[in-house]
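> coords please:
(one chain, ligands or ions: 2)
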Amino acid sequence: MNNKAIHQKILDNNFIILMHKYLKWGQEESRAFYAEHSGRFFYQRVVEFMTSGPMRAYVLAREDAIQRWRYVMGPTKVFRARYSAPESIRGTYGLTDTRNTTHGSDSPESAAKEISFFFPEFKQQQWINKEEMSYRQGLYFYHSEKQLHLLRGHQQQPMQTQESSPQAAFEGTDCTLDSRAQIERVVTTGQL
Ligand SMILES: Nc1ccn([C@@H]2O[C@H](COP(=O)(O)OP(=O)(O)OP(=O)(O)O)[C@@H](O)[C@H]2O)c(=O)n1
Ligand SMILES: Nc1ncnc2c1ncn2[C@@H]1O[C@H](COP(=O)(O)OP(=O)(O)O)[C@@H](O)[C@H]1O
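Ligands and ions are numbered 1, 2, ... in the order given. Next up, the predicted model:
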């Protein structure tokens, strides 16, 4: 399944996983998320694609998170990805320019917006004020059952993962979000 391989890529690239969830979009969410592309020839197909099955969203953190995630994803266009970045996520799993597996935020501003879109419960400023420094100091561990990096002494992180409805595998998207404090946060959404 792509989502397992992508999760492993996230870990291999030293991203800190702050949040993740499985979700499925309806037309409304999909249209709103891609509103900036309305009018482009691929708008309707990307909207349809993103409603075609469940996806997995992440808030990821690390230095240069946005840039790094975009590098790990590879170029938007799948043939370019296959040719110039065959090891990238899109180079490996992308099917078409539209069905290119993953999404990533492209700036701190869009990351902040996209994090709020997917994770309204994630208080970004509170995280920066209260937790970022501890993550920077390396005071975290990976909880393999929760698939999250938690702060030591914070075993009961107030975040939950939602189970996806059992469904066949699909291709996906991952969406990356934010920076601001220098540990940047990224949201990844992906269809599984
Ligand atoms: N009006 C269009 C339609 C398509 N393309 C280009 O045609 C190629 C094929 O589109 P792509 O999305 O990769 O493949 P499809 O087979 O159309 O699949 P999908 O439905 O997933 O988009 C892409 O480079 C796309 O940018 C284009 O330039 N103008
Ligand atoms: N030329 C294109 N042809 C088909 N689909 C596209 C094209 N450009 C963008 N898309 C789709 O719209 C999504 C959003 O586009 P964009 O934000 O420009 O790229 P990225 O996802 O790399 O940040 C892409 O991931 C892809 O699914």
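
> how about the residues of this protein by ligand 2?
The chain comes close to ligand 2 at residues His37, Phe42, Val46, Thr76, Asp97, Thr98, Asn100, His103, Asp106, as judged by C-beta under 6 Å from any ligand atom. C-beta coordinates here come from the backbone N, C-alpha and C atoms, glycine included.

> any chance of a markdown table for those, columns secondary structure?
Output for those, formatted as a markdown table (DSSP: H, G, I helix; E, B strand; the rest coil):
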| residue | secondary structure |
| --- | --- |
| His37 | helix |
| Phe42 | coil |
| Val46 | helix |
| Thr76 | coil |
| Asp97 | coil |
| Thr98 | coil |
| Asn100 | coil |
| His103 | coil |
| Asp106 | coil |
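
> that's a strand at Tyr22, yeah?
Yes. Tyr22 sits within a strand when classified using three-state DSSP.

> could you measure from it over to Tyr58?
11 Å (C-beta to C-beta, to the nearest Å).

> the two - which one has more neighbours?
Using other C-beta atoms under 10 Å, the more surrounded residue of Tyr22 and Tyr58 is Tyr58, with 31 against 18.

> residue numbers of this structure in contact with ligand 1?
Residues of the chain lying near ligand 1 (C-beta under 6 Å from any ligand atom): Phe41, Arg45, Lys77, Thr96, Asp97, Thr98, Arg99.

> so which of those belong to helices?
Arg45 (DSSP state H).

> now restrict the residues of the chain next to ligand 1 to buried residues only.
Lys77, Asp97, Thr98, Arg99 (16 or more other C-beta atoms under 10 Å).
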